[in-house]
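>>> Fold the following, please.
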Amino acid sequence: MQNTGIKAIVIDQIRQLAAQYDIQRVLLFGSRARGDYRPRSDIDLAISGGNAAAFTLAVDEETDTLLKYDVVNLDGAVQPELLQEIEKDGKVLYEKV
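Reported below is the predicted structural model:
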């Protein structure tokens, strides 16, 4: 995945954790998906399915980055404006097949 500023190993770790916690889909959105991020911009993820709480904790603690995560569970209540942003800018990082 190009122009996100996220190391390939971190993206691989996110994918592995998604599979481990039975997450159906992981989308990258926000400044890192658009390519207008700053060096310390957080990593915005939108997820659906699986054990969202465990995934959110694990991704923060078990990935090789000091960047912060903002994880949105699409199975819960999501503000319409945020949902529009995710639909517009979201890039699929992982999808269970």
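
>>> Secondary structure element holding the residue nearest to the spatial centre of the chain?
Centroid-nearest residue in the chain: residue 45, 2.4 Å away (criterion: CA atoms, centre = their mean). Element membership for residue 45 (DSSP states H and E) is strand 43-48.

>>> Just the helices from this structure, written as ranges.
8-20, 31-34, 52-62, 80-89 (DSSP state H).

>>> And the residue lying farthest from the centre of the chain, what's its pLDDT?
Taking CA atoms, centre = their mean as the measure, the residue most remote from the mean C-alpha position of the chain is residue 80, 18.4 Å away. In this prediction, residue 80 carries a pLDDT score of 95.

>>> in its sheet, what does the strand holding residue 45 sit against?
strand 25-29 (antiparallel), strand 69-73 (parallel) (DSSP bridges).

>>> can you list the residues that contact that strand?
6, 14, 18, 23-33, 55-56, 59, 65, 67-75, 86, 90, 93 (CB atoms under 8 Å, 6 or more residues apart in numbering). The way it works is simple: take the backbone N, C-alpha and C, and place the C-beta from them, glycine included.

>>> quick one: buried residues of that strand?
By 16 or more other CB atoms under 10 Å, the buried positions in strand 43-48 come out as 43-48.

>>> now, which of those residues sits nearest residue 10?
Distance to residue 10, by CB to CB, is smallest for residue 43 among those, at 8.0 Å.

>>> ok so, going back, any chance of a PyMOL selection covering the buried ones in the contacts of strand 43-48?
Buried residues within the contacts of strand 43-48, by 16+ other CB under 10 Å, are selected in PyMOL with:
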select buried, resi 6+14+18+23+25+26+27+28+29+30+31+32+33+55+56+59+67+69+71+72+73+74+86+90+93
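
>>> would JSON lines of the strands paired with strand 43-48 with distance to residue 2 and mean pLDDT be doable?
Formatted as JSON lines, these follow (distance: least, CB to CB, whole Å; pLDDT from 0 to 100):
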{"stretch": "strand 25-29", "distance to residue 2": "12", "mean pLDDT": "98"}
{"stretch": "strand 69-73", "distance to residue 2": "20", "mean pLDDT": "98"}
